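> Sequence and predicted structure are below.
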Amino acid sequence: MENMFMDFISNTGFAMADYRHIIMIIIGITFIYLGIAKHYEPLLLIPIGFGILMGNIPVFKGLGLGIYEDNSVLHYLYFGVTSGVYPPLIFLGIGAMTDFSTMLARPLLMLLGAAAQMGIFLTFLGALALGFAPNEAAAIGIIGGADGPTAIFLTAKLAPMLIGPIAVAAYSYMALVPVIQPPIMRLLTSRQERLIRMEEPREVSKLEKIIFPIIGFLLCCFLAPAALPLLGMLFFGNLLKECVVAERLAQAARTSIIDSVTILLGLTVGASTQADVFLTPQSVGIFVLGAASFCVATASGLLFAKIMNMFLKVKINPLLGAAGVSAVPDSARVVQMVGQEEDPTNFLLMHAMAPNISGVIGSAIGAGVLWSFMS
């Protein structure tokens with residue numbers, strides 16, 4: 001009986017765990033706490049956090065339990081990540097939820113979304129300088145777009161072994177937008193600039209809203225054909241929304257489809273952070289570069305807005321530049337929050353959605369460009 005009891009103890013997770021599993025479990029609990037208590041992207045952080053817990057229960061190799069074992073259930077679910085299936089489905093839902101009219105009303109603000117993508121390419125160069133392989137550097141750079149699905153999609157194509165750290169870094173910084181961006185925004189703008197009021201946008205016709213996803217898709221995908229899987233689904237979802245006659249499909253895309261995929265993506269990405277795979281010096285470097293990329297992207301949008309004001313008769317509020325990162329709609333909300341700290345009657349949210357949405361398109365194009373070059 002004593003031998004049987006000792007065998008039982010040796011086969012439990014308590015006996016097989018080491019300090020790395022404990023570290024990752026603490027990280028997973030922290031993600032869940034931030035999602036529930038702080039409301040930081042709960043739809044993302046709670047599935048990822050619980051996935052981290054699932055991925056760091058010590059198990060015997062060969063039993064078909066771990067996410068990296070070919071015959072495990074988690075491995076089959078993870079196929080949607082490694083094959084790049086989940087991100088386009090999320091883009092479909094985003095398209096079906098998004099109103100492009102703010103961007104169409106003032107196309108000039110799209111330039112802010114393009115400027116914010118500078119973080120992607122500067123971080124790519126920084127990762128190369130630190131010794132990462134070109135494919136790995138490209139995947140790390142895309143974190144600066146603050147777009148989790150795009151980061152996962154590109155990493156799955158260029159550096160599948162880095163999906164865990166890059167996905168967790170991308171979603172972490174997306175969730176921490178209200179913490180990271182405001183200090184940069186206050187540092188790079190004056191109070192007088194933050195008080196600038198925006199003109200009311202013109203009314204966009206229904207015909208424009210229907211035509212735009214078609215024209216936008218053709219222009220963007222002719223420019224960057226490798227972005228087809230992401231932008232094709234984004235614009236298709238938006239067409240379903242705006243044409244009205246396919247409202248049932250649009251409703252499915254923005255509810256059941258995106259919700260189901262978000263659960264599976266978050267859970268499996270979290271589970272992919274097994275301690276023996278995730279806790280490496282390389283992962284630490286990815287998190288540092290990701291943070292730098294996100295900060296550079298935010299600063300690029302702000303500074304470009306200030307440069308635009310040098311040539312515009314009617315000035316724009318430079319805070320809008322921070323919304324150029326594609327963390328939709330969180331970065332637009334942060335612009336609203338920082339603006340109202342100076343003037344509670346200044347409403348910037350609608351205007352900030354224009355660079356925010358164009359940032360989504362810009363990061364997908366950036367991913368397509370990097371993928372085409374690396375291939």
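Looks like it arrived, so ask away.
> pretty sure residue 91 contacts residue 234?
Yes: if you go by C-beta atoms under 8 Å, residue 91 and residue 234 touch, sitting 4.4 Å apart. Every residue, glycine included, has its C-beta placed from N, CA and C.
> What ranges does the stretch 1-150 of the chain have for its helices?
In the stretch 1-150 of the chain, the segments counted as helices under DSSP state H, counting those that start in this stretch are 2-10, 13-16, 19-37, 42-55, 73-82, 86-97, 101-105, 110-115, 118-129, 134-141, 148-158.
> re the thing from before, shared neighbours, residue 91 and residue 234?
Shared contacts of residue 91 and residue 234, defined by C-beta atoms under 8 Å, 6 or more residues apart in numbering, are found at residue 364.
> Can you tell me which of the helices of the stretch 1-150 of the chain is most buried?
With neighbours defined as mean count of other C-beta atoms under 10 Å, the helices of the stretch 1-150 of the chain peak in mean count at helix 148-158, which reaches a mean of 28.
> which helices and strands sit right next to that one?
Contacts defined by 3 or more C-beta pairs under 8 Å, 6 or more residues apart in numbering; DSSP states H and E place helix 148-158 against helix 73-82, helix 86-97, helix 134-141, helix 163-175, helix 228-243, helix 258-271, helix 349-374.
> Compare the mean pLDDT across the ones you listed and name the weakest.
When the helices and strands packed on helix 148-158 are ranked by mean pLDDT, helix 163-175 comes last with a mean of 86.
> Mind listing what's buried along the helix or strand that comes right after it?
Using DSSP states H and E, the next helix or strand after helix 163-175 towards the C-terminus is helix 177-188. By neighbour count with 16 or more other C-beta atoms under 10 Å, helix 177-188 contains the buried residues 177, 178, 180, 181, 182, 184, 185, 188.
> Can you give the distance from helix 177-188 to the centre of its chain?
Taking the mean of its C-alpha atoms, helix 177-188 sits 18 Å from the chain's own mean (C-alpha atoms, centre = their mean, to the nearest Å).
> Let me know the angle separating that helix from helix 19-37.
Relative orientation of helix 177-188 and helix 19-37, computed by axes from the mean of the first three to the mean of the last three C-alpha atoms, to 10 degrees: 80 degrees.
> so where's the stretch 51-200 of the chain uncertain?
62 (pLDDT under 70).
> at 50 what do you get?
Scanning the stretch 51-200 of the chain for pLDDT under 50 picks out nothing.
> and what of the stretch 201-350 of the chain?
In the stretch 201-350 of the chain, no residues with pLDDT under 50.
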